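Asker: sequence-free structure coming up:
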(Lines give C-alpha, C1' and ligand atoms only; values in the text may rest on other atoms or scores of the structure.)
Protein backbone atom coordinates (compact mmCIF):
# COMPACT_ATOMS: atom_id res chain seq x y z
CA UNK A 1 0.00 0.00 0.00
CA UNK A 2 1.33 3.41 -0.91
CA UNK A 3 1.53 6.36 1.46
CA UNK A 4 -0.83 8.24 -0.88
CA UNK A 5 -3.56 5.62 -0.43
CA UNK A 6 -3.17 5.69 3.33
CA UNK A 7 -3.22 9.48 3.39
CA UNK A 8 -6.47 9.56 1.42
CA UNK A 9 -8.11 7.14 3.84
CA UNK A 10 -6.76 9.03 6.87
CA UNK A 11 -8.26 12.31 5.59
CA UNK A 12 -11.60 10.57 5.04
CA UNK A 13 -11.84 9.26 8.59
CA UNK A 14 -10.67 12.56 10.06
CA UNK A 15 -13.36 14.32 8.02
CA UNK A 16 -15.90 12.18 9.90
CA UNK A 17 -14.53 13.01 13.34
CA UNK A 18 -12.32 9.97 13.89
CA UNK A 19 -9.02 9.97 15.73
CA UNK A 20 -6.58 8.10 13.50
CA UNK A 21 -3.54 6.12 14.59
CA UNK A 22 -0.98 4.78 12.14
CA UNK A 23 0.51 1.64 13.66
CA UNK A 24 3.85 1.83 11.85
CA UNK A 25 5.92 4.31 9.92
CA UNK A 26 8.46 1.87 8.54
CA UNK A 27 8.60 -1.15 6.24
CA UNK A 28 9.34 -4.43 8.00
CA UNK A 29 12.17 -6.35 6.33
CA UNK A 30 12.15 -9.44 8.55
CA UNK A 31 10.45 -12.60 7.37
CA UNK A 32 8.46 -12.94 10.58
CA UNK A 33 5.33 -10.80 10.27
CA UNK A 34 4.09 -8.75 13.21
CA UNK A 35 0.57 -7.55 13.99
CA UNK A 36 1.71 -4.03 13.22
CA UNK A 37 2.20 -4.95 9.57
CA UNK A 38 -1.34 -6.05 8.87
CA UNK A 39 -3.32 -3.07 10.16
CA UNK A 40 -2.76 0.18 8.32
CA UNK A 41 -4.87 2.41 10.56
CA UNK A 42 -6.72 2.18 13.85
CA UNK A 43 -9.59 4.67 14.08
CA UNK A 44 -11.67 5.80 17.03
CA UNK A 45 -14.72 8.07 17.10
CA UNK A 46 -15.21 9.28 20.69
CA UNK A 47 -18.64 10.71 19.80
CA UNK A 48 -20.10 7.27 18.98
CA UNK A 49 -21.13 4.75 21.68
CA UNK A 50 -18.59 1.88 21.97
CA UNK A 51 -21.16 -0.81 21.19
CA UNK A 52 -22.20 0.79 17.88
CA UNK A 53 -21.67 -1.26 14.71
CA UNK A 54 -22.66 -0.49 11.09
CA UNK A 55 -25.93 -2.00 9.89
CA UNK A 56 -24.71 -2.54 6.31
CA UNK A 57 -21.64 -4.31 4.92
CA UNK A 58 -20.94 -1.64 2.30
CA UNK A 59 -20.18 1.30 4.57
CA UNK A 60 -21.14 4.75 3.38
CA UNK A 61 -20.77 8.16 4.98
CA UNK A 62 -24.18 7.65 6.56
CA UNK A 63 -23.41 4.28 8.12
CA UNK A 64 -19.89 5.31 9.10
CA UNK A 65 -21.54 7.30 11.89
CA UNK A 66 -22.42 3.91 13.42
CA UNK A 67 -18.75 2.94 13.81
CA UNK A 68 -17.10 3.62 17.16
CA UNK A 69 -13.72 2.00 16.61
CA UNK A 70 -12.16 0.01 13.82
CA UNK A 71 -9.04 -1.52 12.42
CA UNK A 72 -8.56 -0.57 8.79
CA UNK A 73 -6.65 -2.33 6.03
CA UNK A 74 -6.09 -0.33 2.84
CA UNK A 75 -5.86 -2.24 -0.43
CA UNK A 76 -5.32 0.34 -3.12
CA UNK A 77 -5.34 -1.92 -6.17
CA UNK A 78 -6.78 0.77 -8.40
CA UNK A 79 -6.61 -1.31 -11.57
CA UNK A 80 -9.37 -3.77 -10.67
CA UNK A 81 -12.20 -4.85 -8.39
CA UNK A 82 -12.33 -7.36 -5.57
CA UNK A 83 -14.05 -10.26 -7.32
CA UNK A 84 -14.30 -13.74 -5.69
CA UNK A 85 -11.38 -15.01 -7.80
CA UNK A 86 -9.08 -12.27 -6.52
CA UNK A 87 -10.14 -12.92 -2.94
CA UNK A 88 -9.48 -16.65 -3.28
CA UNK A 89 -5.98 -16.12 -4.69
CA UNK A 90 -4.83 -13.37 -2.32
CA UNK A 91 -4.97 -14.77 1.25
CA UNK A 92 -2.74 -11.94 2.50
CA UNK A 93 -5.73 -9.61 2.13
CA UNK A 94 -7.18 -11.18 5.27
CA UNK A 95 -4.13 -11.03 7.54
CA UNK A 96 -5.60 -8.00 9.27
CA UNK A 97 -8.47 -10.11 10.67
CA UNK A 98 -6.26 -12.83 12.14
CA UNK A 99 -6.68 -13.48 15.86
CA UNK A 100 -3.28 -12.12 16.89
CA UNK A 101 -3.92 -8.87 15.00
CA UNK A 102 -7.36 -8.41 16.56
CA UNK A 103 -5.96 -9.04 20.05
CA UNK A 104 -3.24 -6.43 19.50
CA UNK A 105 -5.83 -3.86 18.41
CA UNK A 106 -8.10 -4.70 21.34
CA UNK A 107 -5.27 -3.97 23.76
CA UNK A 108 -5.09 -0.47 22.28
CA UNK A 109 -8.74 0.54 21.85
CA UNK A 110 -10.78 -2.14 23.59
CA UNK A 111 -12.82 -5.01 22.22
CA UNK A 112 -16.34 -3.59 22.37
CA UNK A 113 -17.65 -2.62 18.96
CA UNK A 114 -14.33 -3.19 17.17
CA UNK A 115 -15.08 -3.27 13.44
CA UNK A 116 -12.79 -4.74 10.76
CA UNK A 117 -12.94 -2.51 7.68
CA UNK A 118 -11.32 -3.17 4.32
CA UNK A 119 -10.77 -0.26 1.93
CA UNK A 120 -11.13 -1.60 -1.61
CA UNK A 121 -11.08 -0.15 -5.14
CA UNK A 122 -14.67 -1.33 -5.54
CA UNK A 123 -16.88 -4.40 -5.56
CA UNK A 124 -18.13 -6.04 -8.77
CA UNK A 125 -21.13 -4.35 -10.39
CA UNK A 126 -22.89 -7.56 -11.42
CA UNK A 127 -25.30 -8.45 -8.58
CA UNK A 128 -24.47 -12.14 -8.17
CA UNK A 129 -20.71 -11.63 -8.32
CA UNK A 130 -21.01 -8.70 -5.92
CA UNK A 131 -23.02 -10.78 -3.43
CA UNK A 132 -20.57 -13.67 -3.71
CA UNK A 133 -17.67 -11.30 -3.01
CA UNK A 134 -19.45 -9.98 0.08
CA UNK A 135 -20.09 -13.53 1.29
CA UNK A 136 -16.40 -14.41 0.92
CA UNK A 137 -15.31 -11.27 2.76
CA UNK A 138 -17.76 -11.88 5.59
CA UNK A 139 -16.72 -15.53 5.90
CA UNK A 140 -13.12 -14.38 6.41
CA UNK A 141 -14.10 -12.03 9.24
CA UNK A 142 -14.36 -8.67 7.45
CA UNK A 143 -17.19 -6.56 8.92
CA UNK A 144 -17.43 -3.94 6.18
CA UNK A 145 -15.88 -2.38 3.10
CA UNK A 146 -15.52 1.20 1.89
CA UNK A 147 -14.74 1.93 -1.75
CA UNK A 148 -12.00 4.33 -2.79
CA UNK A 149 -14.45 5.95 -5.20
CA UNK A 150 -16.83 6.95 -2.42
CA UNK A 151 -13.92 8.18 -0.29
CA UNK A 152 -12.57 10.37 -3.08
CA UNK A 153 -16.00 11.69 -4.00
CA UNK A 154 -16.63 12.80 -0.45
CA UNK A 155 -13.22 14.40 -0.03
CA UNK A 156 -13.70 16.34 -3.26
CA UNK A 157 -17.16 17.49 -2.17
CA UNK A 158 -15.83 18.60 1.25
CA UNK A 159 -13.10 20.85 -0.15
CA UNK A 160 -13.92 24.54 -0.49
CA UNK A 161 -11.95 26.53 -3.06
CA UNK A 162 -11.82 29.59 -0.80
CA UNK A 163 -10.06 27.69 2.00
CA UNK A 164 -6.30 27.28 2.28
CA UNK A 165 -5.50 23.72 3.31
CA UNK A 166 -1.83 24.32 3.99
CA UNK A 167 -1.75 21.60 6.66
CA UNK A 168 -2.90 18.95 4.21
CA UNK A 169 -1.17 18.46 0.86
CA UNK A 170 -3.97 16.19 -0.34
CA UNK A 171 -6.79 18.63 0.38
CA UNK A 172 -4.76 21.52 -1.02
CA UNK A 173 -4.25 19.64 -4.31
CA UNK A 174 -7.98 18.87 -4.52
CA UNK A 175 -8.72 22.53 -3.81
CA UNK A 176 -6.44 23.68 -6.63
CA UNK A 177 -7.93 21.20 -9.09
CA UNK A 178 -11.42 22.45 -8.23
CA UNK A 179 -10.35 26.07 -8.35
CA UNK A 180 -9.02 25.69 -11.89
CA UNK A 181 -12.05 23.64 -12.94
CA UNK A 182 -9.98 20.55 -13.62
CA UNK A 183 -12.08 18.47 -11.26
CA UNK A 184 -15.81 17.98 -11.46
CA UNK A 185 -17.47 17.02 -8.19
CA UNK A 186 -20.29 14.58 -9.06
CA UNK A 187 -18.35 12.07 -11.19
CA UNK A 188 -14.84 12.88 -9.99
CA UNK A 189 -13.72 13.41 -13.55
CA UNK A 190 -10.81 15.48 -14.73
CA UNK A 191 -12.23 17.93 -17.24
CA UNK A 192 -9.17 18.79 -19.25
CA UNK A 193 -10.14 21.57 -21.62
CA UNK A 194 -8.75 21.44 -25.09
CA UNK A 195 -6.98 24.52 -26.24
CA UNK A 196 -8.42 25.85 -29.46
CA UNK A 197 -5.87 26.28 -32.19
CA UNK A 198 -5.62 29.65 -33.76
CA UNK A 199 -5.99 29.61 -37.50
CA UNK A 200 -3.35 31.63 -39.30
CA UNK A 201 -4.85 34.38 -41.42
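Answerer: Structure received. Quick caveat: nothing in here was measured; it's all calculated off a predicted structure.
Asker: Could you use CA atoms for every contact and neighbour count after this?
Answerer: Fine.
Asker: Mind picking out the helix or strand in the chain with the poorest mean pLDDT?
Answerer: Across the helices and strands of the chain, mean confidence by mean pLDDT, DSSP states H and E is lowest for strand 189-190: a mean of 48.
Asker: Let's verify residue 85: helix, strand, or coil?
Answerer: When the structure is reduced to helix, strand and coil (DSSP: H, G, I helix; E, B strand; the rest coil), residue 85 reads as helix.
Asker: what's in contact with the helix or strand containing residue 8?
Answerer: Under the criterion DSSP states H and E, the helix or strand holding residue 8 is helix 3-15. When contacts are taken as CA atoms under 8 Å, 6 or more residues apart in numbering, the neighbours of helix 3-15 outside the stretch itself are 19, 20, 40, 41, 43, 74, 76, 151, 152, 154, 155, 170.
Asker: Helices of this protein, start to end?
Answerer: Using DSSP state H, the helices of the chain run over residues 3-15, 35-38, 61-64, 84-89, 99-109, 127-139, 148-158, 169-179.
Asker: Worst mean pLDDT among those?
Answerer: Taking the mean pLDDT of each of the helices of the chain, the lowest value is held by helix 35-38, a mean of 53.
Asker: any idea how this protein splits into domains?
Answerer: By the record's domain assignment, the chain is partitioned as 3-26+33-154, 163-190 (automatic domain parsing).
Asker: Would you format the ones you listed as JSON lines with mean neighbour count included?
Answerer: As requested, these are exported to JSON lines (neighbours: other CA atoms under 10 Å):
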{"stretch": "domain 3-26+33-154", "mean neighbour count": "17"}
{"stretch": "domain 163-190", "mean neighbour count": "15"}
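Asker: Would you quantify the distance from the closest residue to residue 154 other than its chain neighbours to residue 120?
Answerer: When the adjacent residues along the chain are set aside, residue 154 lies closest to residue 12, with 7.8 Å between them (CA to CA, 6 or more residues apart in numbering). Using CA to CA, to the nearest Å, we find residue 12 at a distance of 14 Å from residue 120.
Asker: for residue 101, same thing?
Answerer: Here the distance between residue 101 and residue 120 works out to 20 Å (CA to CA).
Asker: Same question for residue 93.
Answerer: Computed with CA to CA, the distance linking residue 93 and residue 120 is 10 Å.
Asker: And for residue 126?
Answerer: When CA to CA is applied, the distance between residue 126 and residue 120 equals 16 Å.
Asker: likewise residue 94?
Answerer: 12 Å.
Asker: ok, back up a step: closest to residue 2 among the contacts of helix 3-15?
Answerer: Residue 2 lies nearest to residue 76 out of the contacts of helix 3-15, by CA to CA, at 7.7 Å.
Asker: Would you mind giving both backbone torsions of the closest one?
Answerer: With angles defined as degrees, to the nearest 10, residue 76 sits at phi -90, psi 60.
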